[in-house]
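**Student:** Please find the sequence and the predicted model below.
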Amino acid sequence: MQQRMSRIRQFILIALIIQLVVLILSRLLFRWNITAGILILIVEAGIVFYLTDAFQTANEEESIGLEKYLGGSYADAYLVGGVGLLNYDDNYIITWQSELFQERGLDRIGSKLLTWLPEVNDIIAGEADKVVVQIDQYKYEISKRENTPTIYFKDITLLDEYRGKYNEEHVVLGLASFDNYEESTMYADDADIANINATIRTPLNEYCQQFGVFSRRLNNNRYLLVLNEKIYHDIAADRFSILNKVRKASQKAEVSITLSMAFAKGSSNFAELDETVTRLMDLAQTRGGDQVAIQVVGEDVKYFGGSTEATEKRSRVRVRVMAHALRDLIQHSSNVIICGHKNADFDCIGSAICLSKMASAFNKPASIIAKTGGIEEKLDAAMKANEAELAQDISFVTEGEAINQLKDDTLVIMTDHHNILQSNGAKLLESAQRVVVIDHHRRSTDMGVKPILIYIEAGASSTCELLTEMIPFVSSKVDISELEATFMLAGMTIDTRKWRERTGVRTYDAASALRKLGADPQVAYDYLKDTYEEFSLKSAIMGASERYADGIVIAAVENEKITRSMMSQVADSLLSIQDVKAAFVIAQDKNTSIASISARSNGGINVQSIMEAMHGGGHMTAAATQRKDATVSQLKEELIGILQQQEKETNDESNS
């Protein structure tokens, strides 16, 4: 302020000198009498200098008054603490600033506050208590005293720097595990195993060294990783390129080994981090591997990768162990209740029937929830056509009836699903104390139940395949009729898209076992045939589909409600078109009126990750979602946005 007053005085002095020169020239050139002019000039100079001096004195008094109000030594204390204050008037013109601003060359008295710092408007309007702004090399936290025209500035430059360094040093615990390692090396000789180890371990070791990650091998296929937040962010920015490097290295070695990783962070409790990262690795691998599972303790799990289809990883030993564990649980239960997913399909009911017959082999009463929760149309027609025969050995009940049968020692089995939100027995599961999960879908983060036995194999074609393998190990008394075996075969037929996808040696072994039990493939195919009306509807929906880049087809139906089964069938049909890599059918579910998407892929595009981004789930090649909060057009727009984002990320990864 003093500098500004000094400049004003200099300007006035120059003006007075100019006036004096003009008067003198008038006297010399025109012989005018300039006595009166000089007197006026003297009076004018006196008045001007008096007013400027009075204004400066008043401003100093105002500053002194504020100093007295805040305390005698406020200036030094506020300077040391990096605290500044300013006042403004009704027009938001800055009328006073403390010494901090003068020291840092920020003299803005007379300037408009909101022109200088627009961010302050949120504080003045009451929309925020504090804002952070960057001014030159300093960072300030700005706040306002309530009901006063005073703004407080706090220098948080060092605090922010220290906070950043502190956050960067937080410990992140990780695990890296080679998927399919045991299966790939089981029958290899020592030389081949040594070559495989060198091929897949070298990229991981080099990657860890590159980013400064501490790694320690725990066994042949698993590594412990210790890093900090800064290193983790560098790895995430690199988009975990090590997954791709290991995948390519294993292909050169002619083995199907991929890498799964898990990272736990957000806690200083190492036991909690260890428990979390172990669970995350289990999640990553049961979802098919070749991906990264990340979780900040207390927040949702995030996934990256998953670009390869899950392969068969279960061994005969694991099947026997799981079968014996299930057998023991059945034997120590008073009764068994089997629940499937909503809108049950052939795989769901076929596997439920198999579980019911397993329970019957030990003389345990078994019930299947199938009268509520919805049933797919073709399955419903098949069940009604064979109602009398099925009713001889199988008890189908409603969820309410199942709840009435629930006891403390009742065994409740979730088949063909593992999330309580998808179950047709959700209320039952909330009260059940003994729950078993058997499923072939990639595992989601939260199941909503605490099972005592989990058997999830993402590499299996269907749940019917898993249970068919278990039958000999459960009991030789499990009696599967020809009709029941046919239902199970129909379930495998649908889930493999008529044996075109997710089929391995174990799949055909299971199908062969069902044939030995009397399953009729022709009858199974008859169950799956379309009616003429269904064929017409499919053709109409396919005719309204739109083709997008990279082999993607989207069919959005806005003027008609269709069943989820029909949606999935249309998506399958679209996928049979040449050069189509992924198909999405969007419509309102006929049964619930909820906007839904059915997604199918030939394996080149991971539709599971796309549907998970839209709060759904499924397999890499078959997934779906339902959204109560969206319309068909909104789902389509959101889907296109996610596809574009994934395309951009893929291009960025390729360029890098």
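**Tutor:** Perfect, thanks for sending it. All of these numbers come straight from a predicted model, not from anything done at the bench.
**Student:** what's the neighbour count on E141?
**Tutor:** Using other CB atoms under 10 Å, E141 has 16 other residues around it. For the C-beta atoms, the positions are set from N, CA and C on the backbone; glycine is no exception.
**Student:** That should have said M322, apologies.
**Tutor:** Counted with other CB under 10 Å, M322 comes out at 22.
**Student:** Point out where the chain drops to low pLDDT.
**Tutor:** Along the chain, segments meeting pLDDT under 70 span 1-7, 9, 54-80, 306-315, 445, 650-656.
**Student:** Is D572 in a helix, a strand, or coil?
**Tutor:** helix (DSSP: H, G, I helix; E, B strand; the rest coil).
**Student:** what residues are up against it?
**Tutor:** Applying CB atoms under 8 Å, 6 or more residues apart in numbering to D572 gives the contacts 497, 583, 600.
**Student:** which one's the longest strand in the chain?
**Tutor:** Under DSSP state E, the strand in the chain containing the largest number of residues is strand 552-562.
**Student:** buried set for it?
**Tutor:** Neighbour-count burial for strand 552-562, counted by 16 or more other CB atoms under 10 Å, picks out 552-557, 562.
**Student:** Tell me how far it lies from the chain's centre.
**Tutor:** Distance, stretch centre to chain centre, for strand 552-562: 26 Å (CA atoms, centre = their mean, to the nearest Å).
**Student:** what does stretch 454-474 give?
**Tutor:** That offset, for stretch 454-474, works out to 29 Å (CA atoms, centre = their mean).
**Student:** residue ranges for the strands of the stretch 501-650 of the chain, please.
**Tutor:** Here the stretch 501-650 of the chain has its strands, by DSSP state E, counting those that start in this stretch, at 546-548, 552-562, 582-589, 595-601, 617-618, 622-627.
**Student:** One more: the stretch 151-300 of the chain?
**Tutor:** 171-179, 214-219, 222-228, 258-265, 291-296.
**Student:** so of these, which one's packed in deepest?
**Tutor:** Per residue and on average, the most neighbours among these fall to strand 258-265, with a mean of 27 (mean count of other CB atoms under 10 Å).
**Student:** Paired strands for it, with orientation please.
**Tutor:** strand 171-179 (antiparallel), strand 291-296 (parallel) (DSSP bridges).
**Student:** any chance of the ones you listed in CSV, plus distance to L467?
**Tutor:** Below are these laid out as CSV (distance: least, CB to CB, whole Å):
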stretch, distance to L467
strand 171-179, 24
strand 291-296, 27
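**Student:** circling back: same for the longest strand of the chain, what does it pack against?
**Tutor:** helix 532-543, strand 546-548, helix 564-575, strand 582-589, helix 632-655 (3 or more CB pairs under 8 Å, 6 or more residues apart in numbering; DSSP states H and E).
**Student:** the inter-axis angle of the third one versus strand 595-601?
**Tutor:** Here helix 564-575 points in a direction 40 degrees away from that of strand 595-601 (axes from the mean of the first three to the mean of the last three CA atoms, to 10 degrees).
**Student:** quick one, what contacts the residue nearest to K302 when sequence neighbours are not counted?
**Tutor:** Of all residues not flanking K302 in the chain, I294 sits nearest, at 4.8 Å (CB to CB, 6 or more residues apart in numbering). Residues near I294 by CB under 8 Å, 6+ apart: 262-263, 265, 280, 301-304.
**Student:** for the stretch 101-250 of the chain, what spans make up the helices?
**Tutor:** Assigned by DSSP state H, counting those that start in this stretch, the helices in the stretch 101-250 of the chain fall at 113-116, 121-124, 157-168, 181-185, 190-211, 229-237, 242-252.
**Student:** Pull out the buried residues from the fifth one.
**Tutor:** When you say that, I think you mean helix 190-211. Burial within helix 190-211, assessed by neighbour count using 16+ other CB under 10 Å, is assigned to 196-197, 199-201, 203-204, 207-208.
**Student:** Mind listing residues that contact that helix?
**Tutor:** Counting by CB under 8 Å, 6+ apart, 176, 178, 181, 184-185, 188, 213-215, 220, 223, 225, 227, 231, 234-235, 238, 241-242, 245-246, 249-250, 252-253, 255, 257, 259 sit against helix 190-211.
**Student:** H417 is in what secondary structure piece?
**Tutor:** Assigned by DSSP states H and E, H417 falls within no helix or strand.
**Student:** Please renumber the chain so that the first residue is 494 from this point on.
**Tutor:** All set: I'll call the first residue 494, so the last point we hit is now H910.
**Student:** now the closest residue to it other than its chain neighbours: how far from G918?
**Tutor:** Once flanking residues are discounted, H910 sits nearest to H834: 3.9 Å by CB to CB, 6+ apart. When distance is defined by CB to CB, to the nearest Å, H834 is 10 Å away from G918.
**Student:** sorry, back to before: please tabulate the helices of the stretch 594-743 of the chain in CSV and include distance to W589 as additional columns.
**Tutor:** Shown next, in CSV, are the helices of the stretch 594-743 of the chain (distance: least, CB to CB, whole Å):
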stretch, distance to W589
helix 606-609, 12
helix 614-617, 17
helix 650-661, 24
helix 674-678, 72
helix 683-704, 52
helix 722-730, 43
helix 735-745, 58
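**Student:** T996: which of the ones you listed is closest?
**Tutor:** Ranking the helices of the stretch 594-743 of the chain by proximity to T996 (CB to CB) places helix 674-678 first, at 17.3 Å.
**Student:** Name the residues of that closest one that come out as buried.
**Tutor:** 674, 676-678.
**Student:** Next: stretch 516-528.
**Tutor:** By 16+ other CB under 10 Å, the buried positions in stretch 516-528 come out as 516, 527.
**Student:** could I get that stretch in CSV with only the CA atoms?
**Tutor:** Coordinates of the C-alpha atoms in stretch 516-528 are reproduced here as CSV (Å, rounded to 0.1, in the frame of the first residue of the first chain):
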residue,chain,number,x,y,z
LEU,A,516,2.4,29.5,-15.6
ILE,A,517,6.0,30.5,-16.1
LEU,A,518,5.8,30.2,-19.8
SER,A,519,2.6,32.3,-19.9
ARG,A,520,4.4,35.0,-18.0
LEU,A,521,7.4,35.0,-20.3
LEU,A,522,5.6,34.8,-23.6
PHE,A,523,2.4,36.7,-23.0
ARG,A,524,3.4,38.9,-20.0
TRP,A,525,0.4,37.6,-18.0
ASN,A,526,0.0,38.2,-14.3
ILE,A,527,0.4,34.8,-12.8
THR,A,528,0.3,35.7,-9.1
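**Student:** can you list contacts of that stretch?
**Tutor:** Residues from elsewhere that reach stretch 516-528 (CB under 8 Å, 6+ apart): 530-531, 534.
**Student:** try stretch 1130-1142
**Tutor:** For stretch 1130-1142, the external contacting residues (CB under 8 Å, 6+ apart) are 732, 1041-1043, 1045, 1047, 1077, 1079, 1090, 1102-1103, 1106-1107, 1123.
**Student:** Could you identify the buried members of those?
**Tutor:** 732, 1045, 1047, 1077, 1079, 1090, 1102-1103, 1106-1107, 1123.
**Student:** wait, which of these is closest to T865?
**Tutor:** I1090 (24.4 Å).
**Student:** if we can go back for a sec, and the buried residues of helix 674-678 as CSV, adding distance to T979?
**Tutor:** Formatted as CSV, the buried residues of helix 674-678 follow (distance: CB to CB, whole Å):
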residue, distance to T979
Y674, 38
E676, 32
S677, 36
T678, 39
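**Student:** Closest to N856 out of those?
**Tutor:** The closest of the buried residues of helix 674-678 to N856 turns out to be E676 (CB to CB; 38.0 Å).
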